[in-house]
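Q: Mind folding the following:
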Amino acid sequence: MNLSDLVVAIVRRLNDASIPYMITGSLASSFHGEPRSTRDADLVIDPTPDALRRFVDALALEEGFYIDADAVLDALHHRTQFNLIEVATGWKVDFVVRKDRPFSIAEFRRRQPVELPGTTAYVATAEDMIIAKLEWALAGESERQLRDVASIVSVVGNNLDQPYIERWVADLGLVDLWEQARAPLT
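A: The predicted structure is shown next:
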């Protein structure tokens, strides 16, 4: 199984469990910018406890996946993250429970449908990936995150909703990083 197949399989299972989600991280930034390799997939989810239980129970019935049910419940309770491992390949899927803050709520509402082989999936918008990558740059690994931001800006360019980005980078204290990420392009 390759990473693309794994993402499609997980998206189908999230849909079956009625869990809203969006693909984010390197996969989403590669979708909007220049592709780069990654060893995992990142998905933001917004589950109810019952829906998340259905998702985990369905995975427990299948061979080939490792998921820690206790870690899942803890992540839901604390609005953090948990992961799933596809045992044969070691591919990892990080599930981030949507944060309960204005930007995260707005970002999730703006997710957009895209066609993957055999299914429709939801992905974070280019603007929201820029903002999220700037936040990750602030937390660490700034060079790689800023390269991803510059890549998205380079590819999407004038089609970006600049006022939306400017609002959130100001609200989240990311103005300096936003300027730094755009510097190679100006």
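Q: how close does the residue most central in space within the chain get to Ala60?
A: By CA atoms, centre = their mean, the chain has its centre lying nearest to Thr24, at 1.9 Å. The gap separating Thr24 from Ala60 is 25 Å, by CB to CB, to the nearest Å. From N, CA and C alone the C-beta is placed, and that goes for glycine too.
Q: What strand or helix carries the residue lying closest to Leu174 once chain neighbours are set aside?
A: Once flanking residues are discounted, Leu174 sits nearest to Leu134: 4.3 Å by CB to CB, 6 or more residues apart in numbering. Following DSSP states H and E, one finds Leu134 within helix 126-139.
Q: So which bits of the helix or strand Asn15 falls within are buried?
A: Using DSSP H and E, Asn15 maps to helix 3-16. Residues of helix 3-16 classed as buried by neighbour count (16 or more other CB atoms under 10 Å): Leu3, Leu6, Val7, Val8, Ala9, Ile10, Val11, Arg13, Leu14.
Q: Of those, which is the nearest to Asp40?
A: Leu3 (7.9 Å; CB to CB).
Q: hang on, the earlier thing: please tell me I have it right and the residue nearest to Leu174 contacts Gln145.
A: Yes: with contacts counted by CB atoms under 8 Å, Leu134 reaches Gln145, the gap being 7.1 Å.
Q: higher neighbour count, these two?
A: Higher neighbour count among Leu134 and Gln145: Leu134, with 27 against 22, using other CB atoms under 10 Å.
Q: mind listing what the more buried one touches?
A: Contacts for Leu134 (CB atoms under 8 Å, 6 or more residues apart in numbering) come out as Gln145, Leu146, Val149, Val169, Leu172, Leu174, Leu177, Trp178, Ala181.
Q: can you do 7 Å?
A: Contacts for Leu134 (CB atoms under 7 Å, 6 or more residues apart in numbering) come out as Val149, Val169, Leu174, Leu177, Trp178, Ala181.
Q: just Glu127 next, same as before
A: Contact analysis of Glu127 by CB under 7 Å, 6+ apart lists Leu160, Asp161, Tyr164, Ile165.
Q: run the last query once more with 8 Å
A: Arg110, Leu160, Asp161, Tyr164, Ile165.
Q: Against Arg167, how distant is it?
A: In terms of CB to CB, Glu127 sits 10 Å off from Arg167.
Q: re the thing from before, widest-spaced pair of the contacts of Glu127?
A: The widest separation within the contacts of Glu127 (CB to CB) is 12.8 Å, between Arg110 and Leu160.
Q: What is the burial count for Pro49?
A: 10.
Q: Once you drop chain neighbours, what's closest to Thr125?
A: Once flanking residues are discounted, Thr125 sits nearest to Arg110: 5.1 Å by CB to CB, 6+ apart.
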